[in-house]
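[1] Turn this into a structure:
(2 chains)
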Amino acid sequence: AQTIHQWPVAEIKAVGSPLSLGCTIKGKSSPNLYWYWQATGGTLQQLFYSITVGQVESVVQLNLSASRPKDDQFILSTEKLLLSHSGFYLCAWRFGGAGAETLYFGSGTRLTVL
Amino acid sequence: GDKVKQSPSALSLQEGTNSALRCNFSIAATTVQWFLQNPRGSLINLFYLVPGTKENGRLKSAFDSKESYSTLHIRDAQLEDSGTYFCATGYQNFYFGKGTSLTVIP
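    Residues are numbered from 1 along each chain as shown, chains lettered A, B, ... in the order given. Model (predicted):
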């Protein structure tokens, strides 16, 4: 069975400080990986996706970047946090290929920028 | 404008009653997914649909790609059904609606 693990569970950071959020998928090789951001009470906004190691497509950047250093790992980062980065960050995966669009989400990281 | 519009935005249901949620798509949608986000923030997969219907326990969903809408029917609502329901469509880029916040009242 596939498992998805996000870290950390929560972060409180200062404006201007760096950030790194991580996501690991076990039990599935070559998954498609996604980062989403959700403002409090808001919808899910797709930020990045990756279909293979080393390749990341940006959908909405929000002054963030993403990398996929390993097949099972997806990293979201920034060198300087803004107040607007506060929110809930969710990593998701799905099987590659058509007819397999079901997204499976991690438990998320709650980020507060002060 | 919003590519995926959900209605209603909020809903209160008496326990044991029925209701329906709706998603309208302004983009070509070939599949739809429904999720329930619980108070802790976890997103629970409810349905993945191609055009047609699916049923799971007290939940039933339908998707009409030609008319560009999907519905989620909740029968005999229970307290644990409370949360925010999202629909989404897409392939590599997924578009989510703004959600329906459901509160089930004892």
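
[2] Up against chain B, what does chain A have?
    Contact residues, chain A versus chain B (Cβ under 8 Å from any Cβ of the partner chain): A:32, A:34, A:42-46, A:49, A:51, A:57, A:59, A:88, A:90, A:98, A:101-105, A:107-108, A:110. Every C-beta, even on glycine, is put in place using the N, C-alpha and C of the backbone.

[3] which SSE is the residue lying closest to B:Ala10 once chain neighbours are set aside in?
    Counting by Cβ to Cβ, 6 or more residues apart in numbering or on different chains, the nearest residue to B:Ala10 once its immediate chain neighbours are dropped is B:Ser101, at 4.5 Å. For B:Ser101, the host element (DSSP states H and E) is strand B:100-105.

[4] Name every strand pairing with that strand and say which way it goes.
    When pairs are called by DSSP bridges, strand B:100-105 turns out to pair with strand B:10-14 (parallel), strand B:83-90 (antiparallel).

[5] which parts of that strand are buried?
    Residues B:Thr100, B:Ser101, B:Leu102, B:Val104 are the ones in strand B:100-105 that count as buried (16 or more other Cβ atoms under 10 Å in any protein chain shown).

[6] would you list every one of the strands in chain B?
    Assigned by DSSP state E, the strands in chain B fall at B:4-7, B:10-14, B:19-25, B:32-37, B:43-49, B:52-56, B:59-64, B:69-74, B:83-90, B:94-96, B:100-105.

[7] go on, chain A?
    A:3-7, A:10-13, A:19-26, A:32-38, A:44-52, A:55-58, A:65-70, A:73-78, A:87-94, A:104-105, A:109-113.

[8] Residue ranges in chain A under the pLDDT threshold?
    Scanning chain A for pLDDT under 70 picks out A:96-100.
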